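*Asks:* quick check, what structure comes out for this input:
(one chain, ligands or ions: 1)
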Amino acid sequence: MQRKKILPVLHKYRAEGRKAFAVLLDPDKVELEHFPAFLHACVQNHVDLFFVGGSLITTYATDEIIAAIHQHTDLPAVLFPGNSLHVEASADAILLLSLISGRNPEFLIGQHVIAAPILKKSKLEILPTGYMLVESGRATTVSYISNTTPIPRDKPSVAACTALAGEMLGLQLIYMDAGSGAHLPITPEMIAAVRQTVDLPIIVGGGINTPQKAQTALQAGADVIVIGNGIEQNPSLLPAIGALMAQFKTIEA
Ligand code: 1GP
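*Replies:* Sure thing, here's the model as predicted:
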């Protein structure tokens, strides 16, 4: 994916039956010394875009990470913010996340009001995203920080109705997230239920740490898979997922 508007590219991919691979970069975990080599490996292994951020950031090296992405790749850097402090204008786009699985007004609209004038001044592509947190077998940082209850993992219809409401409200993407480092990824049944209910591109992440789990999510209807922890803990996962993505691109493009 060249540096161009992201939403039209995701729609084009979806129309062509292609899938996208996003690597989540947690600014607290990126080692800048080894980062260029990692970025080159991402380019070689069919990564389409980077998500940068998380619900809690302590190092504030996001600008350096984005600069390195732009220096070493042509891939877009998309902010995955935890709150309005996490806006970084040098990125290409921002997932403007409304936490529609929760009932905390601060993450449905509050932080957005604070960020809106800053975003308006920036050149960031705004990606209005219905963010749905799904129970994953243990408490996650995002659930704790956002003070919201995830959707029970065995309730696909709750997820489907939540995504449908998000689509009706005009959101442009759905992000189904089990949370970073989730023990259990989102079930294919839940992904399929959302896929059958909305036309929007669907991003799926949280706990995808094997090619099989990635394939399951993609075959259930994910348009974009997001992997963070899995690659941090097991570098050989990157080429394994790259090989999987190559299959999807070759077979279905
Ligand atoms: C978390 O979806 C992302 O918000 C990625 O999760 O770190 O578990 O891959 P992992």
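
*Asks:* which parts of this structure are strands?
*Replies:* With DSSP state E as the criterion, the chain has strands at 20-25, 49-53, 77-80, 93-98, 125-133, 173-177, 202-205, 224-227.

*Asks:* the ligand is nearest to which of these?
*Replies:* strand 202-205 (2.2 Å; C-beta to the nearest ligand atom). Placement of C-beta: from N, CA and C, glycine included.

*Asks:* and for the chain, the residue most distant from the center?
*Replies:* What lies farthest from the middle of the chain is Glu33; by C-alpha atoms, centre = their mean that is 24.6 Å.

*Asks:* got the phi and psi for that one?
*Replies:* phi -60, psi -40 (degrees, to the nearest 10).

*Asks:* now it: how far from the ligand?
*Replies:* Using C-beta to the nearest ligand atom, to the nearest Å, Glu33 is found at 21 Å from the ligand.

*Asks:* for Val198, same thing?
*Replies:* In terms of C-beta to the nearest ligand atom, Val198 sits 19 Å off from the ligand.

*Asks:* my guess is that residue contacts Leu164. True?
*Replies:* Yes - when contacts are counted by C-beta atoms under 8 Å, Val198 is listed as touching Leu164 (5.9 Å).

*Asks:* hang on, the earlier thing: got a pLDDT number for the residue farthest from the centre of the chain?
*Replies:* pLDDT for Glu33: 94.

*Asks:* follow-up on the earlier one: who has more neighbours, Val198 and Leu164?
*Replies:* For Val198 and Leu164, the more surrounded residue by other C-beta atoms under 10 Å is Val198, and the numbers stand at 21 against 16.

*Asks:* contact partners for that one?
*Replies:* Val198 is in contact with 160, 163-164, 166-167, 174, counting by C-beta atoms under 8 Å, 6 or more residues apart in numbering.

*Asks:* now these as JSON lines including distance to the ligand and pLDDT?
*Replies:* Conversion of these to JSON lines gives the following (distance: C-beta to the nearest ligand atom, whole Å; pLDDT from 0 to 100):
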{"residue": "Ala160", "distance to the ligand": "19", "pLDDT": "99"}
{"residue": "Ala163", "distance to the ligand": "16", "pLDDT": "99"}
{"residue": "Leu164", "distance to the ligand": "21", "pLDDT": "99"}
{"residue": "Gly166", "distance to the ligand": "17", "pLDDT": "98"}
{"residue": "Glu167", "distance to the ligand": "20", "pLDDT": "98"}
{"residue": "Ile174", "distance to the ligand": "13", "pLDDT": "99"}
